[in-house]
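[1] sequence first, predicted model second:
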Amino acid sequence: MTFSIVAFDKDANEVGFAIASCCWNAGSVCAAKAGLGVITHQHNGDSKFHPIFFEQLNKKKNLEEIIDHFRLIDDQIENRQIGLVSIENGTTLSFTGKNCSYWAGHKKGDNYACQGNMLVGPEVIDAMTHAFENTQGSLSEKLYASLVAGEDAGGDARGKQSARLHIKRFNEKTNNEEVVVDFIIMDHDDPIKELGRFITYRQNYRELNSMLKEFEQTQVDKERQEILAKIMDFMKDKKESRYMSIWTTLGYAFFSSGNIDEAINCYKIAFDISPSMVKTVEVAAKKAGIPESVLKRLLEK
């Protein structure tokens, strides 16, 4: 039914999971707590075991003891598949009940546990663990690479419907957990690809915000123009509605830098993306005291 990987990055204080399935909202069978651990409870999974798992971790139980506890309180455990991570002990564990649907199995490494059921075969888990171990980068990048590899190896034998990537980080300064990533694809024809689109958009937006912040903090005109040129190059193929606000922000930035031609160009791109923005920008421009001659050029078809 499902393939998943739970993992941690001790250096980054991050824990998380990635999961995909031919079931609605597969991500609901997983849970993570920064500084504590991660659980996936799949194949007839029951989320009531999530808080029990974290309670056991808080009692300083190791993962083998927790599985033994699950055996005592769950008469359906042989119908379950479980992946666990303990941050404090730096350990991982996978369990596949003997009644899980073919093909079902698991593998674990130093900082991850990977498991799946109703898969095309063991090659799915092999591909996932190989990708996780050999991908350089953040925990997010490693988990996503693992999902992609699992799907490329055949994935869920029934097909695909949902996916989720979730990561939390423990902030030692505030003594609180922070959500780093939580992308949920509940129902989609190609959920892992859609997850990748979310990840790419997030990366693009973070890079754009970083460049815009650099522009705002820079006082030297030449450097400001260089930053704007860099942003324009980055934006040249981004004409979808999700980037419309960036184009208006760029328009304002060029206006403030005295480059009227480029400012008008940016606003016109925004208008092409969302024609209903014309009136909004017109009202804002008048309030800002934009000269009539410039406003006329801005609004002409």
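    Perfect, thanks for sending it. Just so it is clear, the model here is predicted, and its values are computed rather than measured.
[2] in which helix or strand does M232 reside?
    Using DSSP states H and E, M232 sits within helix 221-235.
[3] packing partners for that helix?
    helix 191-217, helix 244-256 (3 or more CB pairs under 8 Å, 6 or more residues apart in numbering; DSSP states H and E). All C-beta atoms are positioned from the backbone trio N, CA, C, and that covers glycine.
[4] hmm, try it at 10 Å
    helix 191-217, helix 244-256, helix 260-273 (3 or more CB pairs under 10 Å, 6 or more residues apart in numbering; DSSP states H and E).
[5] stretch 145-165 spans what distance, first to last residue?
    One end of stretch 145-165 to the other measures 11 Å (CA to CA, to the nearest Å).
[6] try stretch 36-54
    OK, stretch 36-54 end separation, CA to CA: 7 Å.
[7] switch the helices and strands packed on helix 221-235 over to CSV; also include mean pLDDT, distance to T96 and mean neighbour count.
    Listed next are the helices and strands packed on helix 221-235 as CSV, based on pLDDT from 0 to 100; distance: least, CB to CB, whole Å; neighbours: other CB atoms under 10 Å:
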stretch, mean pLDDT, distance to T96, mean neighbour count
helix 191-217, 94, 22, 15
helix 244-256, 92, 47, 19
helix 260-273, 94, 49, 19
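[8] wait, which of those is closest to F54?
    helix 191-217 (25.5 Å; CB to CB).
[9] now the angle between helix 244-256 and the closest one, please.
    Angle, helix 191-217 to helix 244-256, by axes from the mean of the first three to the mean of the last three CA atoms, to 10 degrees: 20 degrees.
[10] and helix 191-217 with helix 221-235, angle?
    Using the same axes, to 10 degrees: helix 191-217 against helix 221-235 is 170 degrees.
[11] and the helix holding M232, how far from the chain's centre?
    A distance of 28 Å separates the centroid of the chain from that of helix 221-235, by CA atoms, centre = their mean, to the nearest Å.
[12] contacts made by that helix with the rest, please.
    204, 207-208, 211-218, 220, 243, 246-247, 249-250, 253-254, 256-259, 262, 265-266, 269 (CB atoms under 10 Å, 6 or more residues apart in numbering).
[13] what of stretch 265-279?
    228, 231-232, 235, 238-255, 259, 280-281, 284-285, 297-301.
[14] measure that stretch end to end?
    17 Å.
[15] so that it lines up with my notes, have the first residue be 330 from now on.
    Sure, I'll start numbering at 330, so the last one becomes stretch 594-608.
[16] which residues of the protein fall in strands?
    331-338, 343-350, 359-362, 366-371, 410-415, 420-425, 434-437, 441-446, 491-500, 505-514 (DSSP state E).
[17] now those strands in TSV, with mean neighbour count and mean pLDDT?
    Output for the strands of the chain, formatted as TSV (neighbours: other CB atoms under 10 Å; pLDDT from 0 to 100):
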stretch	mean neighbour count	mean pLDDT
strand 331-338	28	97
strand 343-350	28	98
strand 359-362	23	98
strand 366-371	28	97
strand 410-415	27	98
strand 420-425	21	98
strand 434-437	20	98
strand 441-446	29	98
strand 491-500	23	97
strand 505-514	17	96
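[18] circling back: buried sites along the helix holding M561?
    By neighbour count on 16 or more other CB atoms under 10 Å, the buried set for helix 550-564 is R553, Q554, I556, L557, I560, M564.
[19] what's the closest of those to R487?
    Out of the buried residues of helix 550-564, the member with the shortest distance to R487 (by CB to CB) is M564, at 40.6 Å.
[20] and V449, how close does it get to N373?
    20 Å (CB to CB, to the nearest Å).
[21] what do you get for Q465?
    Taking CB to CB, one finds Q465 at 36 Å from N373.
[22] the more surrounded of those two?
    Using other CB atoms under 10 Å, the more surrounded residue of Q465 and N373 is N373, with 17 against 7.
[23] gap between that one and I411?
    N373 sits 11 Å away from I411, going by CB to CB.
[24] thinking again about what came up before, with distance to L401 added, can I get the strands of the chain in JSON lines?
    Listed next are these as JSON lines, based on distance: least, CB to CB, whole Å:
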{"stretch": "strand 331-338", "distance to L401": "22"}
{"stretch": "strand 343-350", "distance to L401": "25"}
{"stretch": "strand 359-362", "distance to L401": "21"}
{"stretch": "strand 366-371", "distance to L401": "16"}
{"stretch": "strand 410-415", "distance to L401": "14"}
{"stretch": "strand 420-425", "distance to L401": "14"}
{"stretch": "strand 434-437", "distance to L401": "21"}
{"stretch": "strand 441-446", "distance to L401": "21"}
{"stretch": "strand 491-500", "distance to L401": "29"}
{"stretch": "strand 505-514", "distance to L401": "29"}
